[in-house]
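J.: My questions concern the predicted model and sequence given below.
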Amino acid sequence: MRFYLDEHFSPRIAEIARGLGLDVVSALELGNRGLPDLWQLDFATQEDRCMVTKDRRHFRRLHLSFLERNQPHSGILIVLKSLPSEYFTGIAQALQRYADSHVGSPMTYVIDYL
């Protein structure tokens, strides 16, 4: 499973997650700060990466829009607001647990919570 962290997350999370063996990149690392959510989800889809975000409202809406158009995406993983964005190691470890528990599960059209 490959992940794409939106701009609300520090690149430090991606670094820690890569140290755990995950394939993770962040919007900030790639210079994708300030781009619209639709662009971010399209980018994640083109890269076959699951979008990781705290922006539940916008990405749930985008998820429904993709479903209505029969347009697949590579998954959206919502990080609960109760998990502080500054909890770098905890978020990276949660991503690892999620990936380990979903090995071989296609993320196409999936929206889930971390």
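T.: Nice, I can see it. Numbers count the residues shown, from 1 in each chain.

J.: Relative to residue 23, how far out is the residue nearest to residue 99 when sequence neighbours are not counted?
T.: Nearest non-adjacent residue to residue 99, counting by C-beta to C-beta, 6 or more residues apart in numbering: residue 1, 4.4 Å away. Heads up, the C-betas are built off the backbone N, CA and C, glycines and all. Distance of residue 1 to residue 23, computed by C-beta to C-beta, to the nearest Å: 8 Å.

J.: For these two, work out which one has more neighbours and name it.
T.: residue 1 (22 against 15; other C-beta atoms under 10 Å).

J.: Identify the residues contacting that one.
T.: Contacts here follow C-beta atoms under 8 Å, 6 or more residues apart in numbering; on that basis residue 1 touches 22-23, 50, 98-99, 102-103, 107.

J.: List the contacts of residue 6.
T.: Residues counted as contacts of residue 6 (C-beta under 8 Å, 6+ apart) are 26-27, 37, 40, 51-55.

J.: which one among these gets closest to residue 81?
T.: Distance to residue 81 across the contacts of residue 6 (C-beta to C-beta) is lowest for residue 54, with 6.0 Å.

J.: Alright, I will stop here.
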